[in-house]
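build the 3D model from these lines:
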Amino acid sequence: MKISLNWLTDYVDLPAGKSGSAMPAGELAELFTRIGLPCDGVVETASDVVFDLEITSNRPDLLGHIGVARELAAATGAAFRPPVVGKLPTRGKAADLTSVEVADAELCPRYTARLIRGVKVAASPRWLTERLEAVGLRGINNIVDVTNYVLMEYSQPLHAFDYDKLAEKRIVVRRARPGETMVSIDGTRCRLDEKMLVIADAQKAVAIAGVMGGLDTEVGEATTDVLIESAQFDPLTTRRTSRKLGILSESNYRFERGVDPVGVDEASLRACKMIIDLAGGQLAEGVCDVWAEPFKPREVSMRPQRCNSLLAAAVPPERQMAILGALGLSPRMKDRRIICTIPSYRSDLVREVDLIEEISRLEGFDKIPVADRVSHPVAPEGHAQRVRRAVGQALSAAGFDEAMTFSFIDRAEAELFGCDECVDVDSSVRKTNNVLRPTLLPSLLRACKTNQDVGNAEVSLYELASVFPFSGKGRLPGEHVELGLAGTDDLRRLRGAMEAVFAAVAPSAEPAISPADVAGLDAAAAGRVMLNGKAIGAVGLISQDVQQYYGLERPVAAAFVSFDELLAAASPKKVYRPVPRFPAVRRDLSVIVDESVTWSELKSAIDAVAQPLRVATEYVTTYRGAQAGAGKKSVTVTLVYRRAEGTLRSEQVDEQVAAVMSTLARQLKAEFRT
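Coordinates of the predicted model:
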């Protein structure tokens, strides 16, 4: 925000500098910074000094010279002199000459219209154009320049219509009609929609509310009667409209941050006064003012002791009252609390801590003591952090690298994985990557493609991050943390990495994979990941459609599981087991079974044989061919036996293996290869 020193001194006297004379520009810039208005630059000319102040989005009142002058007066104790509008010459009544209808009060809480007749449009005086040019605006004519002047004075956008060009001489504030178009003052042909608010006459849209006026009703040399608009528009609607139409202006910049609902009328009167002074004319008596709900000031209280406790400083209650009073908050003491009445231009003050911040800002942040030591409480690592670390260690040991990707993807990517409904971002804000990802796989596959493009053919990635599956219209997304994996290695390696994760964080749980159709995965190589009988994710090779969409040259194995479910099954404590003293005995068993028998069924049948000496059952490989027979397959399994008290003898192991073979032959009609 550019602030002209000449302009500023109309409302407040500058304090004396360190030398006792008028405060130099450098010292004034430091003062602005101390009170929370960082000065990004100072430009000194032969006749003026312009300060470039950084204004936060919660202080729209400081986007005008009056607001900055009010802050400067409060900080220095100087008198604040806002503009005074005296009695204006009138002719006729506004209510007899025009009317205002607001069809959507939610999007336009207040709209005022005043009418000035008999003006003479001409060039503005030099002093006016100089002030506008100092803050980056160019002069147009005396009517438009006045509206811009008041904009930079009050932070209240105004617009002047050529009254004679309004159909039926009236204003209708409504939503745009589908397919309605309008040409803005800057020549942009705007295609409007029903989500946009427009200012219309009896026939058509003549301005885009809060953004820009229309070319058809702009003030020109032939204009004699002007209608002055001063209003309050919904910030979010203004922002969306501006971004969708691609029009940015000083007006929408302020409407997006909120304007003073009371100042709407004050700025209108100020503009009328200046127009009559510079362009002549007479004001129609009264104002067309449609105000959905007149402003009711709220009260916010503050405990003086709480202020001192939070600031770690001793600011007497009398000083606190003085600061709040200088800011125009009308403080009063009641029941050991300071109660403030918040003016309409300070919409940012809503809580006790907001008042405390105001006191610290004007008392001086440099007066808050700084301790010479900083203490940090030491707390043990939480369960979730331990499990995250264990997952990362297991996957790193398996050769996987951690990825960190964006949460936004294209809708087409989500649809590849069966997600037709997504959490959308407003299309006017993001044209692409405009949905929140329902799963991590699209993000990881993008990363695989990026690596492929730079020559990294072998890639194994994992990510632990939030996903946002759609949970129904009008409801918040079902956000949860997911573990995703993707790699150009074969599916067995990725499955082994997942088993390593389960073994590291939930050794007592029972993971399994159940064949199933999963959107985005190859139907012949996909399944649901089960944990203790509950589906928590999926694993498989990506489908041909997905591979082609991402332009991947090699098949990619991918998996995702719910980290929340994994966390729930994770063992909070590690169980210590001593290193075995005696060697294990391993026996390979080649089991011929029907093609329909799954590994899960085969392992379950083996595990059902109660054998305390068997410590592991490991899958080795599967063979299909002539030796196995038609419709059959040979599954090689390794059975591991160990005795804690001594070395096992061969005959003891033979008995154990024979029991397993007998059970498999009986339950699965299994045969055995020698």
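
contacts, neighbours, all on C-alpha from now
OK.

so what's the residue nearest the centre of the chain closest to, chain neighbours aside?
Residue closest to the mean C-alpha point of the chain, counted by Cα atoms, centre = their mean, is residue 425 at 9.9 Å. Sequence neighbours aside, residue 434 is the residue nearest to residue 425 in space, at 5.0 Å (criterion: Cα to Cα, 6 or more residues apart in numbering).

got the contact list for the one you found?
408-411, 424-427 (Cα atoms under 8 Å, 6 or more residues apart in numbering).

residue 529 too?
511-514, 535-539, 561.

so which of those sit within helices?
If you go by DSSP state H, the contacts of residue 529 have nothing in helices.

of all the residues you listed, which two lie farthest apart?
514 and 561 (13.7 Å; Cα to Cα).

show me which of those two is the more surrounded one.
Legend: neighbour count by other Cα atoms under 10 Å for residue 514 and residue 561, higher for residue 561 (25 against 17).

report all helices and strands that the helix or strand bottoming out on mean pLDDT in the chain contacts.
Every helix and strand of the chain was ranked by mean pLDDT, DSSP states H and E. The lowest is strand 511-515, at a mean of 86. When contacts are defined as 3 or more Cα pairs under 8 Å, 6 or more residues apart in numbering; DSSP states H and E, strand 511-515 packs onto strand 521-531.

looks to me like residue 620 is in a strand.
Yes. Counting by DSSP: H, G, I helix; E, B strand; the rest coil, residue 620 is part of a strand.

that older thread, and the gap between the residue nearest to residue 425 and residue 424?
6 Å (Cα to Cα, to the nearest Å).

who touches the longest helix along the chain?
The helix that spans the most residues within the chain, counting by DSSP H, is helix 650-668. Applying Cα under 8 Å, 6+ apart, the contact partners of helix 650-668 are 585, 587, 593, 602, 605-606, 609, 611, 639, 641, 670-671.

show me which of those are buried.
Among those, those classed as buried by 16 or more other Cα atoms under 10 Å are 585, 593, 602, 606, 639, 641, 670-671.

ok, back up a step: please indicate which of the contacts of residue 434 are buried?
408-411, 424.

so which of those residues sit within helices?
residue 411.

would JSON lines of the buried ones among the contacts of residue 434 with pLDDT and distance to residue 151 be doable?
Compiled in JSON lines, the buried ones among the contacts of residue 434 are given as follows (pLDDT from 0 to 100; distance: Cα to Cα, whole Å):
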{"residue": "408", "pLDDT": "93", "distance to residue 151": "38"}
{"residue": "409", "pLDDT": "93", "distance to residue 151": "40"}
{"residue": "410", "pLDDT": "91", "distance to residue 151": "40"}
{"residue": "411", "pLDDT": "89", "distance to residue 151": "42"}
{"residue": "424", "pLDDT": "82", "distance to residue 151": "36"}
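
of the buried ones among the contacts of residue 434, closest to residue 55?
Using Cα to Cα, residue 408 comes nearest to residue 55 of the buried ones among the contacts of residue 434, at 30.1 Å.

please parse this protein into its domains.
Domain assignment for the chain, taken from automatic domain parsing, gives 2-76, 90-291, 299-367, 383-569, 585-673.

so which of those domains gets nearest residue 377?
Using Cα to Cα, the nearest of the domains of the chain to residue 377 is domain 383-569, at 17.2 Å.

quick one: end-to-end distance for that closest one.
12 Å.

for it, the distance to its chain's centre please.
23 Å (Cα atoms, centre = their mean, to the nearest Å).

nearest residue to residue 289 in space, please, no chain neighbours.
Among residues not flanking residue 289 along the chain, residue 112 sits closest, at 4.4 Å (Cα to Cα, 6+ apart).

in strands, which of the contacts of helix 650-668 fall?
585, 587, 593, 639, 641, 671 (DSSP state E).

closest to residue 175 among the residues you listed?
residue 593 (71.2 Å).

give the contact list for the spatially closest residue to that closest one that is not a sequence neighbour.
In space, and not counting its chain neighbours, residue 593 is closest to residue 670: 5.0 Å by Cα to Cα, 6+ apart. For residue 670, the contacting residues are 591-594, 664, by Cα under 8 Å, 6+ apart.

and the gap between residue 670 and residue 273?
Counting by Cα to Cα - residue 670 and residue 273 are separated by 101 Å.

residue 267 too?
Taking Cα to Cα, one finds residue 267 at 10 Å from residue 273.

of the two, which one has the most company?
residue 267 (25 against 21).

secondary structure element for the more buried one?
helix 263-279 (DSSP states H and E).

list the contacts of that helix.
Residues contacting helix 263-279 (Cα under 8 Å, 6+ apart): 83-86, 88, 112, 114, 116, 119-122, 124, 142-143, 146-147, 150, 154, 156, 158, 228-232, 281-283, 344-345.

for stretch 539-549, same thing?
Outside stretch 539-549, the residues touching it (Cα under 8 Å, 6+ apart) are 416, 491, 495, 520-523, 525-529, 553-560.

isn't residue 221 right up against residue 122?
Yes. Counting by Cα atoms under 8 Å, residue 221 does reach residue 122; the two are 7.0 Å apart.

more crowded one of these two?
Ranked by neighbour count (other Cα under 10 Å), residue 221 and residue 122 place residue 122 first, with 15 against 10.

sec struct for the more buried one, please.
coil.

for it, which residues are in contact?
141-142, 221, 279.

next, give phi and psi for it.
phi -160, psi -180 (degrees, to the nearest 10).

gap between residue 399 and residue 484?
From residue 399 over to residue 484 the distance is 15 Å, taken as Cα to Cα.

and these two? Which one has more around it.
Using other Cα under 10 Å, the more surrounded residue of residue 399 and residue 484 is residue 484, with 26 against 14.

these two touch, right, the more buried one and residue 463?
Yes. Residue 484 lies in contact with residue 463 (Cα under 8 Å); the separation is 5.3 Å.

which neighbours do these two have in common?
By Cα under 8 Å, 6+ apart, the residues touching both residue 484 and residue 463 are 440, 444.

low-scoring stretches of this protein, by residue?
17-21, 427-429, 472-475, 674 (pLDDT under 70).

try 80 this time
Counting by pLDDT under 80, the chain shows low-confidence ranges at 15-22, 371, 425-432, 471-477, 572-577, 674.

sorry, back to before: got CSV for the buried ones among the contacts of helix 650-668, with distance to residue 446 too?
Formatted as CSV, the buried ones among the contacts of helix 650-668 follow (distance: Cα to Cα, whole Å):
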residue, distance to residue 446
585, 46
593, 41
602, 38
606, 42
639, 41
641, 45
670, 45
671, 46
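
so which of those comes closest to residue 36?
Nearest member of those to residue 36, counting by Cα to Cα, is residue 602, at 71.7 Å.

list the contacts for the closest one?
residue 664.

ok, it to residue 138 distance?
83 Å.

and for residue 462, the neighbour number?
25.

wait, it touches residue 402, no?
Yes. Judged on Cα under 8 Å, residue 462 makes contact with residue 402 at a distance of 5.0 Å.

and the strands in the stretch 51-200 of the chain, which stretches?
90-93, 100-102, 110-117, 158-162, 171-175, 181-183, 189-191, 197-200 (DSSP state E, counting those that start in this stretch).

need these in a markdown table (columns: distance to residue 251).
Listed next are the strands of the stretch 51-200 of the chain as a markdown table, based on distance: least, Cα to Cα, whole Å:
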| stretch | distance to residue 251 |
| --- | --- |
| strand 90-93 | 29 |
| strand 100-102 | 20 |
| strand 110-117 | 15 |
| strand 158-162 | 8 |
| strand 171-175 | 17 |
| strand 181-183 | 17 |
| strand 189-191 | 17 |
| strand 197-200 | 14 |
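
quick one: closest of those strands to residue 69.
Proximity to residue 69, assessed across those by Cα to Cα, is greatest for strand 158-162 (20.8 Å).

list the strands paired with the closest one, with their directions.
strand 225-232 (antiparallel) (DSSP bridges).

no further questions, thank you.
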